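Undergrad: Need a 3D model of the following:
(4 chains, ligands or ions: 4)
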Amino acid sequence: MTTVLPYVNFFQTKKGIFSWIFSVDHKRIALLYLYSILIFFLAGATLGVLMRLELLNPGKDIMEAQTYNQVFTMHGVIMIFLFIIPSIPAVFGNFFLPILLGTDDVAFPRLNLLSWWIYIIGALMALSTLLFGDGPADTGWTFYAPYSVKTGTNVTMSVLAAFVIGFSSILTGLNFIVTIHRLRTPGMNFLRMPLFVWSLYATSWIQLLATPIIGITLLMIVAERVLGVGLFDPSIGGDPILYQHLFWIYSHPAVYIMALPAFGVVSEMLPTFAQRTIFGYKAIAFSSLAIAFVGYFIWGHHMFTAGMSGAARFIFSILTFLVAIPTAIKVFNWVATLYKGSINVQVPLLYVLAFIFQFMIGGFTGLVVGALASDIHLHDTYFVVGHFHYVMFGGTGFAFFGALHYWYPKIWGKMYNKVVANVAFVLLFIGFNTLYFPMLVVGLMGMPRRYYDYLPEFHLPNMISTYGSWILATGILLMVGNLIAGFYRKGPKVGRNPWNGITLEWQTLSPPPLENFDRMPQLPLNGPYDFEHKPEIKE
Amino acid sequence: MEHTTGFVLPNSGHNRDDESSRMGMWLFLFTELLLFGGLFIVYMVYRMLNHEAFLLSSFELNVTMGTVNTVVLLVSSMTVAMSITAVQRGNNALSAKLLAITLGLSLVFLVIKYFEWSAKIHHGLFPGMDLYKALPKGESLFFFLYFIMTGLHALHIIIGAVLMGVTIYRTKKGLINSDNYTLTENTGLYWHLVDLIWIYLFPLFYLIH
Amino acid sequence: MTTSASTFAQGVDLSLYVIVGISLFFLVGITFVMLYFVFRYNKKRNPVASNIEGSHTMEIIWTAIPTILVMVMFYFGWTGYKPLRTVPDGAIELKAYGQMWKFSFEYPDGRITDSLVVPIGKPVKVNLVSRDVLHSLFIPAFRMKEDMVPGKNNFLWFEATQLGRYDILCAEYCGQLHSYMLSSVTVVEQPEYEKWLASAPSTADEHPGLALLKQNACLTCHSQDGSKIIGPSFKGVFGKTEIVETDGVERSIVIDEEYIARSIKNPNSDIVKGYMKGLMVSYEKVLNDEQIGHITDYIKTLK
Amino acid sequence: MENHKENTSHPKVHISSFRDHWSTLATLLLLTAVTVVISVFGANLAALSVATALLIATVKVMVVAYYFMHLKYEKKIYTYLLLLVVLLFLAFTILTAIEYYNR
Ligand code: HEA
Ligand code: HEA
Ligand code: CUA
Ligand SMILES: [Cu+2]
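TA: Ligands and ions are numbered 1, 2, ... in the order given. Below you'll find the model as predicted:
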């Protein structure tokens, strides 16, 4: 006998902490990731603000040199391994990939839960260096040999933590690839997948095929420290530069693990707010694969001053420039998507516009350091610090916040205060650029990075930059506060489709039921963004 | 409190899908290949930088033991492949027996490896030991790599053996049958990977005379 | 931009201007078009959207143009960089040592200095040697930087084009006092350079032990006045009773000649309580027994 | 929720016979013998001996993958993906080798 019950959403099905931390529901796992990632982001960001305080004036402001070195290492490790690499794939990928494909979960739900646990264990290992041994590592997030082998700080644990977190990343990638291959709803062939799915697909391949290399590299550092003799030690015939090769074979492709999902969410939001189909669907889809592919072969651009041979410098530099082309294709197609749209300017769209602007600055500064001559001057200066904050934070970070505002009503079934969200955005935008633009300038002047103290001529830009960090911090606190306040807001619930979007997540309830759909998902006639043949969905 | 009306989604992540499992396993094998790949790159570079030293050190290794181990692994690869044939044909008892033989062979491999390692360690060739420290430039790298790479490989053998044990247990319990033998297949795939890696390790360490 | 004071600087600056120029054009252009579209096709002005699926012509155009432009950028990067690796004949050849956290320079006549003095308009080749970890010799005014890698021969060369004194910074993270690993290069006229070369090194009347401590950068970590820097101060250290950790076991020792020699040759075997392991590297290959003797003698005088 | 549906994913599977397995093993053993013989007795081949050893190893790996690992009977995509991984690894080694070769 079957009884007809109203659909309950995935928050209501079971209660209690254990129903969350042992849940195999991809939506709950996504939220577990979201909360943990946000906590780590705020922790890492606080370290960033502390660094800026130290750099406000030359000389000692608030901490010792050794502490500063540990702080920027911890900041880099947290931001890279705990925040930005998992950010969009593990949160929004987990939540929306099955829904966008029209299925009820990822291919291996229990593996998915395991990935989160591995991530948490790795994170705890990283944080444990604060308490045990001789303090957190002071090597920079790159763990370059031979310093990482010589220093007395707790490098072994930090490196093992990164190794463990790498596993989580591999398993997520594996899960997504199989899901995309096996669980698409009938009728959704590869060329009818939403672009976010495409970008996750490309990302997953990088996670799968690049992460093992850093895993084994980090293990070699551990072996070196534990056995007391070195694989990268020149006195026994080893080569410290080889460590750098292995590290960047992973870590360059990893920057596209950070960037591609951001490209994906941007490609979702633009059609929704322009109320028209995406311009150049195939070009955007395939350029993701092209970026992933070319991205494997350009790691050497981080080592232009390490004494590589001329031939290697030539090849790595020219390939670095090639990767700009598929990225250019994306940017042009995005802008063209706004052409003759019917544009609804909402908070998520503001984040998208800021993303495009800031990512361009980040990308162009990437070209500057990709050229051999200018990189000789700019390598390991604040220009590089400016470059990567522009791409990672100004790009991916802003896309992450945009996606949070975009899917907020779907995930929680409520809407945040839009006015406050706009104010927060403005603060964020101004703060961000005040914080990071001076870094580009001071880098051109020749200030090296990882400097606890600096020469007096670098004072002014550093001061402006620190002021910017305060504006940015205010903006972020306002944004997070507004989103949290949204949970408790009274007022009308949002319906299925507050933005009038077209992809499958907007056809189901907000929040979605446990099974994801309360009726068969319907595909638009021609491709995922065919607004002209939008399926009619009643509340 | 589950909803029970309406419709069933055509694809579900909670359904059994053997193709998914196999694809997942293959993808996992790719990551394993690249994990060892990193070490092979290190090997290649150091061999380019210390050519003579690598040739000299290679003579320290026992070709006979290496060859025997190669044969052991190849045979075990066959028995595990046969056990899949057996289970596909519905012969569970034979399948379990073949898996048991594979497990036995993996132990043989480990025992031989143990003798090889302990001979080296006895000589003090393990990284950090006396003879190791006295080795000329380059030769010490060879032994470092030898221990890391065969060590990681042996770890994989152990994991494979445990997996084999689980598979035997489940086969005997009848949880695996001609309609549902993904576990046997995936164990087999993993075991073949271990074999594949050894196929390269063997000439690179033992045979570079 | 800071002063440019070497022949190499032009190439670097040219590649910078080309790339930044092209980039600014696209940055401003794209941002403007984007904002214009948002304004012009706002839903109030344009209530009904047109579904334009794409255009092959456009795709080809905006693939081809960036391809050409990035190749132009690469070209300037490459030609600007090429001189860096081609040292002209007849260059003055020096050696630069990097160690935690001090640069030192060795001239052909064997003199060792803390900072560089070079003649204007003459190519100077600097061979880079690291004694411990990675460092990088960075001269912003020359747009010049190259890493010092232990166990590997690396070099850079430059030809100064302007008189003056310019900063040298360490640009590869090398530990605690990385940001204090500074030095300078002074560009002088040829006659002045020769005069400087002819003058005797000024360390003659120093205690030979002190000279060695200065040369080997011991004093970046060990003070002579009792203050604690990275390592224990040398003041009054001889004959003192100290607690050290050997293989994880604490024990108490009296500092004598033998202990000092051991601390220099094998610093990590006994770790003084309250200090970190691994910071001081072994000087076994750098200092011979006679020199260690001088150092010990000098340390004895620091009461 | 689990294991409700019947397995439908590989309706028609290829079953390799025991004889196939035996002949695969024979091939592999033969190839092993060849490598050992070349390297132990053909010492004057010098650099070539490494190349031949690796070449033979690659043939062996292909045999294992194709027959024991069933690649021959799987969907073609698995072979392509494996090739992709191998090519990627080759690209890593070649790019690294260029650097060290020109030292
Ligand atoms: C999200 C992360 C991310 C992304 C996407 C990128 C993207 C790029 N990066 Fe960046 N990078 C980092 C993260 C990232 N990077 C990090 C973390 C570091 C430092 C690591 C460390 O040392 O700690 C680093 C360092 C780094 C270096 C080393 C600098 C040094 O240490 O000396 C270089 C050198 O080539 C480089 C280049 C590039 C290039 C060419 C791109 C390209 O992909 C950019 C392509 C984009 C565009 C070009 C803009 C969009 C295009 C248009 C608007 C069309 C018009 C275009 C043309 C006309 C060409 N990056
Ligand atoms: C996604 C990645 C990411 C993000 C988001 C950030 C965010 C920030 N980072 Fe960055 N950073 C890295 C990744 C990232 N960083 C990496 C990889 C390195 C290299 C490390 C290395 O060299 O090894 C680096 C290095 C780096 C340096 C260079 C250190 C050096 O070389 O000496 C600096 C210096 O200013 C810096 C500053 C900041 C600041 C001020 C923020 C801010 O934008 C943070 C903004 C957020 C907030 C302000 C949070 C909101 C408010 C609170 C949490 C409440 C507390 C607030 C107060 C106490 C005011 N970072
Ligand atoms: Cu020396 Cu930094
Ligand atoms: Cu890179």
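Undergrad: ok now do the closest residue to A:Gly228 other than its chain neighbours, which residues does it touch?
TA: In this structure, A:Gly228 finds its nearest non-sequential neighbour in B:Gly128, 5.1 Å apart by C-beta to C-beta, 6 or more residues apart in numbering or on different chains. All C-beta atoms are positioned from the backbone trio N, CA, C, and that covers glycine. Contacts for B:Gly128 (C-beta atoms under 8 Å, 6 or more residues apart in numbering or on different chains) come out as A:Leu227, A:Gly228, A:Val229.
Undergrad: part of a strand, is A:Arg450?
TA: No. Secondary structure of A:Arg450 (DSSP: H, G, I helix; E, B strand; the rest coil): coil, not part of a strand.
Undergrad: who does the longest helix belonging to chain B touch, helix- and strand-wise?
TA: Identified as the longest helix of chain B according to DSSP state H is helix B:139-172. Helix B:139-172 sits against helix B:18-49, helix B:51-58, helix B:92-123, helix B:130-134, helix B:182-206, with contacts defined as 3 or more C-beta pairs under 8 Å, 6 or more residues apart in numbering or on different chains; DSSP states H and E.
Undergrad: try 10 Å this time
TA: Counting contacts by 3 or more C-beta pairs under 10 Å, 6 or more residues apart in numbering or on different chains; DSSP states H and E, helix B:139-172 packs against helix A:195-227, helix B:18-49, helix B:51-58, helix B:63-88, helix B:92-123, helix B:130-134, helix B:182-206.
Undergrad: Tell me, what's the model's pLDDT at residue 90?
TA: Since no chain was named, I'll use chain A. Turning to A:Ala90, the model gives it a pLDDT of 94.
Undergrad: wait, I meant chain D there
TA: For D:Leu90, pLDDT reads 93.
Undergrad: now the strands for the stretch 51-200 of chain C?
TA: C:92-99, C:102-106, C:112-113, C:116-119, C:123-130, C:135-139, C:144-148, C:154-159, C:164-170, C:182-188 (DSSP state E, counting those that start in this stretch).
Undergrad: okay, those strands in a markdown table with distance to A:Thr434 next?
TA: Output for these, formatted as a markdown table (distance: least, C-beta to C-beta, whole Å):
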| stretch | distance to A:Thr434 |
| --- | --- |
| strand C:92-99 | 36 |
| strand C:102-106 | 35 |
| strand C:112-113 | 42 |
| strand C:116-119 | 38 |
| strand C:123-130 | 38 |
| strand C:135-139 | 27 |
| strand C:144-148 | 28 |
| strand C:154-159 | 36 |
| strand C:164-170 | 26 |
| strand C:182-188 | 29 |
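Undergrad: least reliable of those going by mean pLDDT?
TA: The stretch with the lowest mean pLDDT among the strands of the stretch 51-200 of chain C is strand C:112-113, at a mean of 84.
Undergrad: Low-confidence stretches in chain B?
TA: B:1-6, B:209 (pLDDT under 70).
Undergrad: Let me see the contact set for the single nearest residue of it relative to ligand 2.
TA: Ligand 2 sits closest to B:Gly38 of chain B, with a gap of 21.7 Å, by C-beta to the nearest ligand atom. Residues in contact with B:Gly38 (C-beta atoms under 10 Å, 6 or more residues apart in numbering or on different chains) are A:212-220, A:246, A:249-250, D:89, D:92.
Undergrad: JSON lines please, covering those and showing distance to C:Thr2.
TA: Formatted as JSON lines, these follow (distance: C-beta to C-beta, whole Å):
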{"residue": "A:Pro212", "distance to C:Thr2": "43"}
{"residue": "A:Ile213", "distance to C:Thr2": "38"}
{"residue": "A:Ile214", "distance to C:Thr2": "36"}
{"residue": "A:Gly215", "distance to C:Thr2": "42"}
{"residue": "A:Ile216", "distance to C:Thr2": "42"}
{"residue": "A:Thr217", "distance to C:Thr2": "36"}
{"residue": "A:Leu218", "distance to C:Thr2": "38"}
{"residue": "A:Leu219", "distance to C:Thr2": "43"}
{"residue": "A:Met220", "distance to C:Thr2": "40"}
{"residue": "A:Leu246", "distance to C:Thr2": "35"}
{"residue": "A:Ile249", "distance to C:Thr2": "34"}
{"residue": "A:Tyr250", "distance to C:Thr2": "35"}
{"residue": "D:Phe89", "distance to C:Thr2": "44"}
{"residue": "D:Phe92", "distance to C:Thr2": "38"}
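Undergrad: sorry, back to before: tell me what angle the longest helix of chain B forms with helix B:18-49.
TA: 170 degrees (axes from the mean of the first three to the mean of the last three C-alpha atoms, to 10 degrees).
Undergrad: and helix B:139-172, which residues are buried?
TA: For helix B:139-172, a neighbour-count test (16 or more other C-beta atoms under 10 Å in any protein chain shown) marks B:139-150, B:152-154, B:156-157, B:160-161, B:163-164, B:167-168, B:170-171 as buried.
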